[in-house]
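Enquirer: could you look at this predicted model? Sequence included:
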Amino acid sequence: MVDIKRTLEAKEIRESIFSDPDLPESLRLFALAALHLWETQPERKAVKEFRRENWTYRTLRLMGRTGTIEELTPGLRHLLYDDVPKYRPDMNARPRCLGTMLRPAGAPCTREVRMRTMLVNPMTGERTQVGACKDERHQAQTNATLRAARQAWEDNGSPEPKANSGGRLLRYFPRGLEELYAWVDSYYTRGTKTPEPKPPQNIAGIVSLADHRNQKDT
């Protein structure tokens with residue numbers, strides 16, 4: 001017997017999945033296949049069709065993937081890991097040299113970077129790609145800024161950044177996914193949510209936590 005309520009609910013969710021611009025094709029297919037399993041669950045029970053495989057593996061098979069559970073597991077882990085709610089620095093942003101020019105004095109360097117690294121925000125723990133050009137003076141300036149920022153971060157209690165990505169499947173499957181996230185990423189903390197994105201901060205000028213506090217007081 002067809003469950004009309006479940007069918008209508010599945011139709012609404014399916015339309016949302018199709019119109020979600022944040023879902024890459026792999027996650028979209030996974031969500032649609034999992035939704036189909038949920039929608040047809042009463043029918044499978046009615047004909048006593050039971051399988052010992054976890055629903056995640058049945059979902060992969062609906063997506064067209066084949067193999068044993070052992071063969072499917074690496075692909076399942078990879079697919080779900082990309083959706084674990086966590087902080088991910090922007091690796092597509094073009095890093096800039098942290099050195100300053102002598103002429104005009106103090107002007108930012110616009111040369112191509114040769115050394116790439118991550119600059120930590122002392123207040124939030126967020127990381128930003130930065131670098132230094134081939135100029136040894138600029139490399140020294142960059143290293144000094146990196147050391148000062150890390151020291152300020154440690155003085156502030158080494159805060160960890162909030163999640164800024166992932167959690168897209170939670171929009172459609174609020175139950176059971178957190179266990180899967182913890183399975184694929186041992187660092188995942190249950191209850192982690194992905195907040196609305198905020199504009200990036202310019203943190204290159206924060207050389208110490210004390211200086212930052214002084215700026216706030218003035």
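Expert: It's in. Remember, it's a predicted structure, so these values are computed and weren't measured experimentally. Numbers count the residues shown, from 1 in each chain.
Enquirer: can you check which helix is longest in this structure?
Expert: Secondary structure of the chain per DSSP state H: the longest helix is helix 136-155.
Enquirer: list the buried residues in that one.
Expert: For helix 136-155, a neighbour-count test (16 or more other CB atoms under 10 Å) marks His138, Gln139, Gln141, Thr142, Thr145, Leu146, Ala148, Ala149, Ala152, Trp153 as buried. In this view, the C-beta of every residue, glycine as well, is placed from N, C-alpha and C.
Enquirer: for the residues you listed, which one is nearest Leu60?
Expert: Among these, Trp153 lies closest to Leu60 (CB to CB), at 40.7 Å.
Enquirer: ok, the closest one - contacts?
Expert: Neighbouring residues of Trp153 by CB atoms under 8 Å, 6 or more residues apart in numbering: Val120, Asn121, Pro122, Gly125, Pro159.
Enquirer: go with 6 Å
Expert: Under the criterion of CB atoms under 6 Å, 6 or more residues apart in numbering, the neighbours of Trp153 are Val120, Pro122.
Enquirer: ok, now how distant is it from Arg116?
Expert: Distance from Trp153 to Arg116, counting by CB to CB, to the nearest Å: 19 Å.
Enquirer: repeat that for Gln151.
Expert: On the measure of CB to CB, Gln151 and Arg116 end up 21 Å apart.
Enquirer: over to Thr68?
Expert: For Thr68, the distance to Arg116 (CB to CB) stands at 41 Å.
Enquirer: circling back to that earlier point, and which of the buried residues of helix 136-155 is nearest Thr192?
Expert: Nearest member of the buried residues of helix 136-155 to Thr192, counting by CB to CB, is Trp153, at 20.7 Å.
Enquirer: from Met123, how far out is the closest one?
Expert: In terms of CB to CB, Trp153 sits 8 Å off from Met123.
Enquirer: repeat that for Ala149.
Expert: 10 Å.
Enquirer: spell out which helix or strand contains Gly75, please.
Expert: Applying DSSP states H and E as the criterion places Gly75 in helix 69-81.
Enquirer: parallel or antiparallel, list what pairs with the helix or strand just after that helix.
Expert: Using DSSP H and E, the helix or strand that follows helix 69-81 in sequence is strand 96-97. Strand 96-97 has its sheet partners listed here by DSSP bridges as strand 127-132 (parallel).
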